[in-house]
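> structure for the following, please:
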Amino acid sequence: MAVEIKKLRNPSVLFFAALAAVTLAVALLSHSYFTDRAFYLNQDRYTLQRLQGDLATYRGGSAGPVGVRVSGGGKRTVRIGADDYVIAKTSAPPLPAAYTVAYPNGHRYAVEDNNGMLLSYDAKGELVVDIAAYSGGVRIDEPIETYLPASLVAAAYPDYHRAQGRPGFLFLALAFMIFGWCCFRYERFQTRLFYLSPRQLLYDNPEPSDFYYFMSKAGGIAVMGGSVWVACQAFVSG
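As a prediction, the model looks like this:
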């Protein structure tokens, strides 16, 4: 019994137990983030909440719901609050997808699909570019429109909804974390890395020094710290 308790107090056992718990928690909590297809309106991320007949309802955290209704003639109406934005597809294959967006204030825009990138044009045919400035999550400049035409088209058509994040970075971060721990904790691992290094070929009968072991531990700590940054990159949309 005493031996089992001693094993449980072993730093490596505690480390890998904590790492397994954190990995499981991240996997469970982030599953929907990486798998649910979403679109953005301004800074709010929306995912499908309910599909009922020709009406799809999307939710975006604290933001209000967005409804998308498919009408006759290929038109789609995006309802945000009390405002309706009417979108119609104006092209057919093999031509690139093109759309018109009618705003409740009477403004009309054209949107074209340029290899998956939606570009907006005003009534004069000029490219619409909206560079937003935010402070504390609140927009502080005056927008061209409340919602950009390209964003409304992306909301209306599921083909433009995308899975978010880059989960591969989580696996990379896990590998870095384990490697960093081994560099920090295990002298045998540090020694093997020394003999695998091309630098040892420059000397006769090389032996790792105390300074080498110290730097291995410091490097291990740095790698483990860097692995947290790598894990955060998984949640940055690429």
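> tell me the contacts of the residue nearest the centre of the chain?
Most central in the chain under Cα atoms, centre = their mean is Gly165, positioned 2.3 Å from the mean C-alpha point. Applying Cβ atoms under 8 Å, 6 or more residues apart in numbering, one finds that Gly165 lies in contact with 30, 33-34, 234-237. To be clear about C-beta, it is placed using only N, CA and C from the backbone, and glycine gets the same treatment.
> buried subset of these?
Those of these that meet the buried threshold are 30, 33, 234-235, by 16 or more other Cβ atoms under 10 Å.
> can you name the two of those that are farthest apart?
Spanning the widest gap among those are Tyr33 and Ala234, at 9.2 Å by Cβ to Cβ.
> adding distance to Arg188 and secondary structure, write the contacts of Gly165 out as a markdown table.
Formatted as a markdown table, the contacts of Gly165 follow (distance: Cβ to Cβ, whole Å; DSSP: H, G, I helix; E, B strand; the rest coil):
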| residue | distance to Arg188 | secondary structure |
| --- | --- | --- |
| Ser30 | 35 | helix |
| Tyr33 | 39 | helix |
| Phe34 | 37 | helix |
| Ala234 | 32 | coil |
| Phe235 | 36 | coil |
| Val236 | 37 | coil |
| Ser237 | 41 | coil |
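> pLDDT added to these, as JSON lines?
Output for the contacts of Gly165, formatted as JSON lines (pLDDT from 0 to 100):
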{"residue": "Ser30", "pLDDT": "88"}
{"residue": "Tyr33", "pLDDT": "83"}
{"residue": "Phe34", "pLDDT": "87"}
{"residue": "Ala234", "pLDDT": "91"}
{"residue": "Phe235", "pLDDT": "87"}
{"residue": "Val236", "pLDDT": "80"}
{"residue": "Ser237", "pLDDT": "65"}
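> tell me which of those residues is nearest to Leu51?
The closest of the contacts of Gly165 to Leu51 turns out to be Tyr33 (Cβ to Cβ; 20.2 Å).
> so after the helix or strand encompassing Arg59, what's the next helix or strand?
For Arg59, the host element (DSSP states H and E) is strand 55-60. Once the chain leaves strand 55-60, the next helix or strand it forms, by DSSP H and E, is strand 63-70.
> name every strand pairing with whichever helix or strand comes after that next one and say which way it goes.
As assigned by DSSP H and E, the chain's next helix or strand after strand 63-70 is strand 75-80. Strand pairing for strand 75-80, using DSSP bridges, gives strand 63-70 (antiparallel), strand 83-89 (antiparallel).
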